[in-house]
Every structure is written in C-alpha cells, then in structure tokens.
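**Student:** here is a sequence with its predicted model. Questions after.
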Amino acid sequence: MTQGPYITCRELIEFLNLYLDGELPPERVAEFERHLSVCDSCVSYLATYKETIALGKAACEDLDSPVGADVPEELVAAILLARRGEK
Amino acid sequence: MTAVPGTPPEGREDQGTERSLVSLLRSGDETAFERLVRDHGGRLLSVARRFLRDEEEARDAVQESFLSAYKALDRFDQGSRLSTWLHRIVINACLMRLRTRRRKPEDSIEELLPQFEADGHQVRHPTPEWEGSAETLLARKETRAIVREAIDRLPDSYRAVLLLRDIEELSTEEAAQSLGVTANAVKIRLHRARQALRGLLEPHFQGAVSR
C-alpha cells in the first residue's frame, strides 16, 4: 500500500486535542504518528502541550483551600447580614 | 461534575452529619447557616478568585452563591454532597458575571499560538523542548505562581473553558451547557486556551532546569 504525502505541522497542531482525546479515526492517527516520527518540532510541541495541561492542574490544586479553610470574617459577616435581609 | 478536588471521602457518619445540617438549614437555623459559610466559604472564595481575578467580585459571587443556596435548599438532593452542590453554584455565579463582562472586547491570543510557514510547517524557533517534565518543574518553588499568573492572563472566555475542563474536570458537554455554547465550540476554545497558556509558559520553562 502506498502512503500519501505527510500531513503538515499545521494540520497536526490544529487537531492535536482530538488526537490526545482519542477522537480521531485510526487512519488519521496513523498519519499523525507518521508525521511525529519525522518532525522534532511537533514532538516537542506535543510534549509541552501535555506538560501545560499537567502544570495547570497541579498549580490550581495547590491553590484550592480544603473544606473548612479560613474565610475572611468580613465576608462571613456580609453573608450573614444579607441572609437576614432575605428572610 | 464529580467530587470536588481536595474534598475528603464521605463516610456514613459524615453523611449523617450533613443530613442533620441540611435539616437545620431548612428549618432556618442561623447557626447552621453560619457553619455552612465557615466550612465552605474559604474554598468557594478560592474558586471564585480563579474565575474572576478580582477580589471584590469574587467575594460578591460567593455571597450571592450562599444566598442562592439558602433559597434553593428545598431543592437540594440529599443524595448529593453539599460541597459539590455549592461548588457548582459558585461556578455558575462566576460564569454569569463573566458573561456580563464579555461585552468588552477581549485581548487577542493569536501571538501566543504556534506560527507556521506558508507550506504549513512550523516555524522552528519557538518550539524548543522545555528542560524538565511538569513534575520536575513543579519541584521549583516559583512554578505554581508562574502558572497561576499565566492562567490569570488568559482572556476571560479562554480562562473559563480551561478552568471548567482541565481544572474542574467537567465533561465537554457539561462545560458546553455551563457556557451556553456547543460542545464543538468548547473543544476549539479549550485547545486554543491550552495553546495560549503554553505560549505564556514557554519563556519561563525553556532551559528552566539548567538555569
């Protein structure tokens, strides 16, 4: 079976999310992998795209306060006051 | 949305305590309401800050969320968790606020996206590998602050979709429903948001480990 021309970096990067989410048909996946086997730029792009997702998640998890974390007293007071007004 | 990140698993005892708390709240018990605010307010405020990037607006969104929750207590499903329910309410309050903000034009993210030659191949120079995996980079004290700051710099519509999908872990369909757009629009916007975030992080992490 003869193979067609390589897809371009633009085509690969445009649909990278679908590739990572397993939403591409097998023949398209094969084209992506063929391109990745010869293109260092896209291999780097794919790696750093995945690192970006992991970094975003980790940075925000650290920011999350656990249940029971301190809430500013003035905010508690404002909420309690507003709730009395709603009664 | 599944469990709220960082929330401890709920045992039978916790379920019982939560049921009692909900009963007290429904009866209008002010002490129970204060307990609800103290237990969950800090966490909800950190979520609202992330979406809104404005302390005053974040506090307003949290206040509004507790009042909405208070009014909707009769509709709270006892099979759910209060933390998950409140989390969802505050996210919706933040999205409503972002929607009203969106009348203002947003900054373009084009310059953060990859550049291509006329033949569709990547311009080589902006794509060097980062020196270190996410795990290695996270060992550096300043990494989390750099990443949070970069997320904060994303325009509202991109930041919202990134937070909903990658951080809050909503499905594409749930995010689409929350944002009032199609699932396909969520996929496209998320991909662009991640690319833009990557572009913002790149100058910090190229050769980071060897620095």
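**Tutor:** Perfect, thanks for sending it. Numbers count the residues shown, from 1 in each chain, chains lettered A, B, ... in the order given.
**Student:** tell me the contacts of the residue most central in space within chain B?
**Tutor:** Residue closest to the average C-alpha location in chain B (Cα atoms, centre = their mean): B:L163, at 3.5 Å. By Cβ atoms under 8 Å, 6 or more residues apart in numbering or on different chains, the residues touching B:L163 are A:60, B:50-51, B:151. For every residue, glycine as well, the C-beta is placed using N, CA and C.
**Student:** again, but for A:C39
**Tutor:** Here A:C39 is in contact with A:9, A:12, B:122 (criterion: Cβ under 8 Å, 6+ apart).
**Student:** export those to CSV and tack on distance to A:D40 and pLDDT?
**Tutor:** Shown next, in CSV, are these (distance: Cβ to Cβ, whole Å; pLDDT from 0 to 100):
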residue, distance to A:D40, pLDDT
A:C9, 11, 93
A:L12, 13, 95
B:Q122, 10, 80
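**Student:** now do the top helix by length along chain A, average pLDDT.
**Tutor:** In chain A, taking DSSP state H as the definition, the longest helix is helix A:40-63. Regarding helix A:40-63, the rounded mean pLDDT is 89.
**Student:** who are the packing partners of that helix?
**Tutor:** Helices and strands touching helix A:40-63, as assessed by 3 or more Cβ pairs under 8 Å, 6 or more residues apart in numbering or on different chains; DSSP states H and E, comprise helix A:9-14, helix A:16-20, helix A:26-36, helix B:30-52, helix B:134-138, helix B:143-153, helix B:183-205.
**Student:** and those helices, which one is worst for confidence?
**Tutor:** helix B:134-138 (a mean of 84).
**Student:** quick one: the helices and strands packed on helix A:40-63 as TSV, columns for mean neighbour count and distance to B:R81 too.
**Tutor:** What follows is the helices and strands packed on helix A:40-63, written out as TSV (neighbours: other Cβ atoms under 10 Å in any protein chain shown; distance: least, Cβ to Cβ, whole Å):
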stretch	mean neighbour count	distance to B:R81
helix A:9-14	20	39
helix A:16-20	17	30
helix A:26-36	14	39
helix B:30-52	21	11
helix B:134-138	18	29
helix B:143-153	19	26
helix B:183-205	20	25
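**Student:** dump these into CSV; add distance to A:E74 as well.
**Tutor:** CSV is the format used below for those (distance: least, Cβ to Cβ, whole Å):
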stretch, distance to A:E74
helix A:9-14, 47
helix A:16-20, 42
helix A:26-36, 53
helix B:30-52, 11
helix B:134-138, 34
helix B:143-153, 24
helix B:183-205, 33
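**Student:** now do the same contact list for B:D107.
**Tutor:** B:P155.
**Student:** confirm that it sits in a strand.
**Tutor:** No - applying DSSP: H, G, I helix; E, B strand; the rest coil, one finds B:D107 to be coil, outside a strand.
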